[in-house]
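Q: I'll drop the sequence and a predicted model, then ask my questions.
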Amino acid sequence: MTTLAEALRSAIWAQVLAPEELARVQSETIEREIPAGGYACREGEPVNHWIGVIEGLVKLSVVSAEGKAATLAGVPTGGWFGEGSLLRTEPRRYDAVALRDSRIAFMPRATFTRLLDTNIGFNRFLLNQLNERLGQFIGMVAHERLLDPDARVARSLADLFNTFLYPGVTEKLTISQEEIGYLSGVSRQRVNQALRALEDAGLLRTEYGGVTVLDPAALRSYGA
DNA sequence: TCATTAAATTGTT
DNA sequence: AACAATTTAATGA
């Protein structure tokens, strides 16, 4: 099992840190275990940390006034989120639910702010991350009308496969069909059906406990 | 190494 | 939602 220190050292944004700075970040960042179904953070809470997934899978979601839930993104091992709320100094705008037992890193606001103020490379990373996220959301909005479950499943998987945001994610995604269902807002049965359609189309291969992505680009544009 | 069992995941209705 | 089938992981002979 990777330790918190190891996970921080291998994070993409940590590659631009000097050894002393990395050590300082490691000493200031804490880890918490979140059981499946638990919250890493909740909407409306004051934002005091930048949050990273050391190990596991987290779903970012909002609930509308009518109580309808919408998934914004899935964050797998190696992903970090919450920089938007930190930058704007506003309450958390979404829930982060662990879809499986997960180990979550919490970097204090002061640490995050220091990196932002002192490290150009860290700023460049954040710019890229925000840009990738924006691209995801644009794609989401553009395809919102197409409620075709096959396409939704395809998009969820393609987003998870984002190699910049989640460098640890390889073509073999370790994710159950049930978890895909939570991310894409589709029943597990329908996920099963969609996966077979996508497999028939040659975009991926289903396996026990996961799927292997064969054609990421086609997956992203499926149904468009 | 092999057999047994429990747990997780998948396939189907 | 429920059920059966399949795969994996863990256990002990």
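A: That came through fine.
Q: quick one: name the residues of chain A near DNA strand C.
A: A:187, A:189, A:208-209 (Cβ under 7 Å from any atom of the strand). C-beta coordinates here come from the backbone N, C-alpha and C atoms, glycine included.
Q: hmm, 6 Å instead?
A: A:189, A:208 (Cβ under 6 Å from any atom of the strand).
Q: center of chain A - which residue?
A: residue A:75 (1.7 Å; Cα atoms, centre = their mean).
Q: hang on, that one in a strand?
A: Yes: assessed with DSSP: H, G, I helix; E, B strand; the rest coil, residue A:75 lies in a strand.
Q: what's the per-residue pLDDT of it here?
A: Per-residue confidence at residue A:75 stands at 96 (pLDDT).
Q: and the gap between it and residue A:8?
A: According to Cβ to Cβ, to the nearest Å, residue A:75 stands 16 Å off from residue A:8.
Q: again with residue A:36
A: Taking Cβ to Cβ, one finds residue A:36 at 24 Å from residue A:8.
Q: and these two? Which one has more around it.
A: Just comparing residue A:36 and residue A:8: by other Cβ atoms under 10 Å the higher neighbour count belongs to residue A:8, 22 against 13.
Q: residue contacts, residue A:161?
A: Residue A:161 is in contact with A:169, A:171, A:173, A:213, A:216, A:219, counting by Cβ atoms under 8 Å, 6 or more residues apart in numbering.
Q: in the sheet, who's paired with residue A:63?
A: residue A:69 (DSSP bridges).
Q: that one contacts residue A:72, doesn't it?
A: No: judged on Cβ atoms under 8 Å, residue A:63 makes no contact with residue A:72 at a distance of 11.4 Å.
Q: compare those two (neighbour count), which wins?
A: Ranked by neighbour count (other Cβ under 10 Å), residue A:63 and residue A:72 place residue A:72 first, with 18 against 12.
Q: can you tell me the SS state at the more buried one?
A: For residue A:72, the secondary structure call by three-state DSSP comes out as strand.
Q: got it, and residue A:59?
A: strand.
Q: for it, give the beta-bridge partners.
A: residue A:74, residue A:97.
Q: OK, contacts around it?
A: A:71, A:73-75, A:96-99, A:182-183.
Q: longest helix in chain A, please.
A: helix A:120-142 (DSSP state H).
Q: which residues sit against whatever helix or strand comes next after that one?
A: Sequence-wise, the next helix or strand downstream of helix A:120-142 (DSSP states H and E) is helix A:149-160. Residues from elsewhere that reach helix A:149-160 (Cβ under 8 Å, 6+ apart): A:71, A:73-74, A:76, A:136, A:139-140, A:143, A:166, A:169, A:173, A:175, A:180, A:183-186, A:190-191, A:193-195, A:197-198, A:203-204, A:211, A:213, A:216, A:219-220, A:222-224.
Q: the helix or strand following helix A:149-160 pairs with which strands?
A: Sequence-wise, the next helix or strand downstream of helix A:149-160 (DSSP H and E) is strand A:172-173. Strand pairing for strand A:172-173, using DSSP bridges, gives strand A:210-213 (antiparallel).
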